[in-house]
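J.: Any chance you could fold what I've pasted below:
(chains A and B, ligands or ions: 2)
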Number of protein chains: 2
Amino acid sequence: AMVDKGVDFAQYFCTYAFLYHQKEMLCDRVRMDAYYSSIFENKHHFHGKTVLDVGTGSGILAIWSAQAGARKVYAVEATKMAEHARALIKANNLEDVIEVIESNVEEVTLPEKVDVIISEWMGYFLLRESMFDSVIYARDHWLKPTGVMYPSHARMWVAPIRSGLGEHKKGDYDLAMEDWDNFVGETKTYYGVDMSVLSKPFSEEQMKYYLQTSMWSNLHPNQVIGSPAIVKEIDCLTASVNDILEVRADVLSSITLENTRLCGFGGWFDVHFRGRQEDPAQQEIELTTAPSTDNGTHWGQQVFLLHPPVRVSEGDNLSLSFSMIRAKENHRLMEVEFGCGITQSSGKLPRFRNKFFIE
Amino acid sequence: AMVDKGVDFAQYFCTYAFLYHQKEMLCDRVRMDAYYSSIFENKHHFHGKTVLDVGTGSGILAIWSAQAGARKVYAVEATKMAEHARALIKANNLEDVIEVIESNVEEVTLPEKVDVIISEWMGYFLLRESMFDSVIYARDHWLKPTGVMYPSHARMWVAPIRSGLGEHKKGDYDLAMEDWDNFVGETKTYYGVDMSVLSKPFSEEQMKYYLQTSMWSNLHPNQVIGSPAIVKEIDCLTASVNDILEVRADVLSSITLENTRLCGFGGWFDVHFRGRQEDPAQQEIELTTAPSTDNGTHWGQQVFLLHPPVRVSEGDNLSLSFSMIRAKENHRLMEVEFGCGITQSSGKLPRFRNKFFIE
Ligand SMILES: Nc1ncnc2c1ncn2[C@@H]1O[C@H](CSCC[C@H](N)C(=O)O)[C@@H](O)[C@H]1O
Ligand SMILES: Nc1ncnc2c1ncn2[C@@H]1O[C@H](CSCC[C@H](N)C(=O)O)[C@@H](O)[C@H]1O
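T.: Numbering: from 1, shown residues only, chains lettered A, B, ... in the order given. Ligands and ions are numbered 1, 2, ... in the order given. As a prediction, the model looks like this:
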């Protein structure tokens, strides 16, 4: 599927042109601490080195790279945010080290290959936004054979969860349909048009919106009711776009809570900064977006809800088949499926399969 | 400025592909009653005639036209909503009269010219969405020389208003800036980067967002504190795109309330169904979106707020210079300016001029 650049800009990049949005990321302490530590506790990767920052946004990662001793940093940003990055870099006296380039990284020509590619490319549930494609492109074109990736690894997790949100959403959906039925009645009475043929498509539209669209959530750890499972591991140095176009995994999870309800699944990710095998990090840093009481991130978790929930109990075994593909109309959005079989002490429940949209 | 069709679809048309959004319009009783009456109280314009419905959406206006006796209705709709319209028309047994065409009206070829062009093309403050361009195009290509336009006339109004929203918005803006100042302090302390150079652009961004973006509002009539003035009159039969690219008017308004605050301006519109001079309506129908206690519409009014308000009193005279142009980056959005001079019994206040964005 060809991506129309203008459309992509209107739908995706535009939000990043707002300082307000950059600030949200800059205020995410977990994110900031992880990148900060990954750089300043591994200065050997930066001192005297050349760095490419893919999607520099406000310029923060480029600035840190320079402060950690980089000889030269190429800071590439597709949006007008590049102008703010340039001003920020100048105000912090780093304009001799950092070159800001306003461009898609796919269209940039650098004067040299670099020792480090740093980027904060992760979207909801890791792959939403599909920005890692651009990092792969940059790596394949501009990273030295000896170069390191920041971050170097990434993983996607899923886990069974409990949540009250499902009932809530189901209630919203039911209300919308009640309202629709009223509307059909009134339109017939007052305006002589029978709209009932649209009831099914309307309910499908609303079902998709209320029940099948995943939600951002900041889950409490005690909402996770079973063992989390890894559905994808990515080595940022070697992964190809092909490797991430689809994610498919059959995994097991066992319920760890007595007599509870399986209300759906949570999805999150972590990334690690480990350098490369021949040139490892001195301090390995982890950035995790797992459910946490104190260390929530702006990514939160994506929550995929079942309607209705299923009674489960400690020791029940879930066999999950997970898949995630890109949405047909927008390669930066995702379609997810959860297949689930449940084995309880009393026997197997019928396997079910649910489709979701990450919008 | 060339309009990229893909971008236009992503930014504008996409919303109309949802039944949810069509339903909002179909539930607007004032809107529905006006079109319904305009058709059924003027059956002579429809009986045995050919009709083009520009942007048929759910198909409602095409259906009414057919029910009023049209011989043939061409119902053109750019989005996938066309499929729902087709189903609705079939379910109401009108598929022999109404032909649904999924297309931009600009790209359609009809087998004949039509007697009537009907369309509900009005956006917020009349011209937002710039859809009337498409109606003009359709008229110039497909309306018979003797044809009539539904609606036939449109007007834009402005009036001085009072409102508590301004303080509210100013409060939001102040909070956002306080928060920013904290952020600048913390980013310097914890992460060694001085963000203060971005304070000015951030405040400009937030000012635009909180203070300069017009708001949808359902004004109470008693919030209108002076005489409303017409800033534009459109004859739908003769207006050209050039006539609506810019709206400029110098108008007068006098304050009708004692000792009150001029908090900004409200903008709304009305349209009329009068047929054409040689072939007038039997019943002239008006659809107004003026402030009203009982007959509010989904259009509401657009509100443009002053920060801070100005003390005014009965008999004060406002000389307003109003202008509205299309936004450079998106021809369906608008930029508005209100210049205002106030003459009070005690003398003239200094003239001011404010710019707003209709997003
Ligand atoms: N292909 C591409 N080329 C250049 N910039 C891109 C890009 N894809 C995404 N971006 C930019 O990458 C940024 C990702 S957000 C991260 C911003 C910054 N590095 C930080 O950590 O705070 C956005 O500003 C976005 O506009
Ligand atoms: N140039 C164009 N060609 C075809 N359809 C258009 C168009 N510009 C706007 N539209 C469609 O016009 C509709 C306007 S909303 C009005 C819908 C319907 N006539 C009703 O009164 O309820 C939308 O569905 C939009 O998709």
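J.: Let me see the contact set for the spatially most central residue of chain A.
T.: In chain A, the centroid-proximal residue (CA atoms, centre = their mean) is A:Tyr124; its distance is 2.3 Å. Going by CB atoms under 8 Å, 6 or more residues apart in numbering or on different chains, A:Tyr124 touches A:Trp216, A:Trp299, A:Gly300, A:Gln302, A:Ile358. Quick note: C-beta positions are derived from backbone N, CA and C, even for glycine.
J.: Surely the fourth one touches A:Asn218?
T.: No - A:Gln302 lies out of contact with A:Asn218 (CB atoms under 8 Å); the separation is 11.3 Å.
J.: Run through the residues that contact whichever residue of the stretch 201-350 of chain A sits closest to ligand 1.
T.: Proximity of the stretch 201-350 of chain A to ligand 1 (CB to the nearest ligand atom) peaks at A:Arg332, 9.7 Å away. If you count contacts by CB under 8 Å, 6+ apart, A:Arg332 has them with A:Asp8, A:Gln11, A:Tyr12, A:Gly123, A:Arg128, A:Glu129, A:Ser130, A:Met131, A:Arg326.
J.: hang on, the earlier thing: ok, so of the contacts of A:Tyr124, who is nearest chain B?
T.: A:Ile358 (17.5 Å; CB to the nearest CB).
J.: distance of that closest one from A:Asn42?
T.: According to CB to CB, to the nearest Å, A:Ile358 stands 32 Å off from A:Asn42.
J.: same deal with A:Asn317?
T.: Note on A:Asn317: its distance to A:Asn42, by CB to CB, is 41 Å.
J.: Name the residue in the two with the higher neighbour count.
T.: Neighbours were counted for A:Asn317 and for A:Asn42 using other CB atoms under 10 Å in any protein chain shown; A:Asn42 has more, 23 against 17.
J.: My read is that the more buried one contacts A:Gln282, right?
T.: Yes - between A:Asn42 and A:Gln282 there is a contact under CB under 8 Å: 5.4 Å.
J.: Can you mark which positions in the top helix by length along chain A are buried?
T.: Assignment by DSSP state H gives helix A:165-191 as the longest helix of chain A. Residues of helix A:165-191 classed as buried: A:Leu165, A:Gly166, A:Lys169, A:Tyr173, A:Ala176, A:Met177, A:Trp180, A:Phe183, A:Val184, A:Thr187, A:Tyr191 (neighbour count, 16 or more other CB atoms under 10 Å in any protein chain shown).
J.: Packing partners of it?
T.: Helices and strands touching helix A:165-191, by 3 or more CB pairs under 8 Å, 6 or more residues apart in numbering or on different chains; DSSP states H and E, are helix A:199-210, strand A:215-217, strand A:260-276, strand A:301-312, helix B:19-26, helix B:29-40.
J.: winner for burial among those?
T.: Comparing those by mean neighbour count (mean count of other CB atoms under 10 Å in any protein chain shown), strand A:260-276 ranks first with a mean of 24.
J.: So what's the gap between the following helix or strand past that strand and the chain middle?
T.: Note on strand A:260-276: by DSSP states H and E, the next helix or strand toward the C-terminus is strand A:279-288. Mean-position distance between strand A:279-288 and its chain equals 20 Å (CA atoms, centre = their mean, to the nearest Å).
J.: How about residues contacting strand A:279-288?
T.: The contact list for strand A:279-288 (CB under 8 Å, 6+ apart) reads A:30-31, A:34-35, A:37-38, A:41-42, A:44-45, A:146, A:148, A:151-152, A:268-275, A:295.
J.: repeat for stretch A:320-327
T.: Against stretch A:320-327 from outside (CB under 8 Å, 6+ apart): A:125, A:127, A:130, A:158, A:229, A:231, A:245-253, A:265, A:332-340, A:357.
J.: Narrow those to those that are buried.
T.: Buried members of the contacts of stretch A:320-327, counted by 16+ other CB under 10 Å: A:125, A:127, A:130, A:158, A:229, A:231, A:247, A:249, A:251, A:253, A:265, A:332-334, A:336, A:338, A:340.
J.: which ones are touching A:Glu106?
T.: With contacts defined as CB under 8 Å, 6+ apart, the neighbours of A:Glu106 are A:Ser134, A:Tyr137.
J.: quick one, phi psi at A:Ser134?
T.: Dihedral angles phi and psi of A:Ser134 (degrees, to the nearest 10) take the values phi -70, psi -30.
J.: ugh, typo on my part, it should be A:Cys27
T.: A:Cys27 adopts backbone torsions of phi -90, psi 0, taken as degrees, to the nearest 10.
J.: contacting residues around the closest residue to it other than its chain neighbours?
T.: Nearest residue to A:Cys27, sequence neighbours excluded (CB to CB, 6 or more residues apart in numbering or on different chains): B:Phe183, at 6.1 Å. Shown in contact with B:Phe183 (CB under 8 Å, 6+ apart): A:Lys23, A:Leu26, A:Cys27, B:Met195.
J.: Count residues in the vicinity of the third one, would you?
T.: A:Cys27 has 15 neighbours, counted by other CB under 10 Å.
J.: Could you do A:Thr256 as well?
T.: Residue crowding around A:Thr256 was assessed by other CB under 10 Å; the count is 15.
J.: Am I right that A:Gln352 sits in a strand?
T.: To be clear, residue A:352 is Phe; Gln isn't right here. Yes - membership of A:Phe352 in a strand is supported by DSSP: H, G, I helix; E, B strand; the rest coil.
J.: you'd agree it is up against A:Gly339?
T.: Yes - A:Phe352 is within contact range of A:Gly339, at 7.4 Å (criterion: CB under 8 Å).
J.: And the strands in the stretch 51-200 of chain A?
T.: A:72-77, A:98-102, A:114-119, A:143-150, A:153-161 (DSSP state E, counting those that start in this stretch).
J.: Of the ones you listed, which is nearest ligand 1?
T.: Across these, closest to ligand 1 is strand A:72-77 (CB to the nearest ligand atom), at 5.0 Å.
J.: from the chain's centre, how far out does the helix or strand encompassing A:Asn242 sit?
T.: Per DSSP H and E: A:Asn242 is located in helix A:241-245. Offset of helix A:241-245 from its chain centre (CA atoms, centre = their mean): 15 Å.
J.: What are the buried residues along it?
T.: Within helix A:241-245, the residues that qualify as buried are A:Ile244, counting by 16+ other CB under 10 Å.
J.: Repeat that for stretch A:44-59.
T.: Judged by neighbour count using 16+ other CB under 10 Å, the buried positions of stretch A:44-59 are A:45-46, A:49-59.
J.: give me every residue that touches the residue nearest to A:Ser65 when sequence neighbours are not counted.
T.: Closest residue to A:Ser65 apart from its sequence neighbours, by CB to CB, 6+ apart: A:Val51 at 4.5 Å. Taking CB under 8 Å, 6+ apart, we find A:Val51 in contact with A:Ala62, A:Ser65, A:Ala70, A:Lys72, A:Val73, A:Tyr74, A:Val114, A:Asp115, A:Val116, A:Ile117, A:Ile118.
J.: Among these, which one lies nearest to chain B?
T.: So of the contacts of A:Val51, ranked by how close each gets to chain B (CB to the nearest CB), first place is A:Ala62, at 10.6 Å.
J.: Tell me the confidence at that closest one?
T.: pLDDT for A:Ala62: 98.
J.: just checking, it touches A:Ile98?
T.: Yes - contact criterion CB under 8 Å: A:Ala62 and A:Ile98 qualify, at 4.9 Å.
J.: anything in contact with each of the two?
T.: A:Val73, A:Ala75, A:Ile89.
J.: what's near enough to touch the last one?
T.: When contacts are counted by CB under 8 Å, 6+ apart, A:Ile89 touches A:Gly59, A:Ala62, A:Ile63, A:Ala66, A:Ala75, A:Glu95, A:Ile98, A:Val100.
J.: The nearest residue to A:Gly69 once chain neighbours are set aside in helix, strand or coil?
T.: Distances taken as CB to CB, 6+ apart place A:His47 nearest to A:Gly69, at 3.7 Å, with adjacent residues excluded. At A:His47 the chain is in coil, as set by three-state DSSP.
J.: In contact with A:Ala43, which residues?
T.: One correction, residue A:43 is Lys, not Ala. A:Ala68, A:Gly69.
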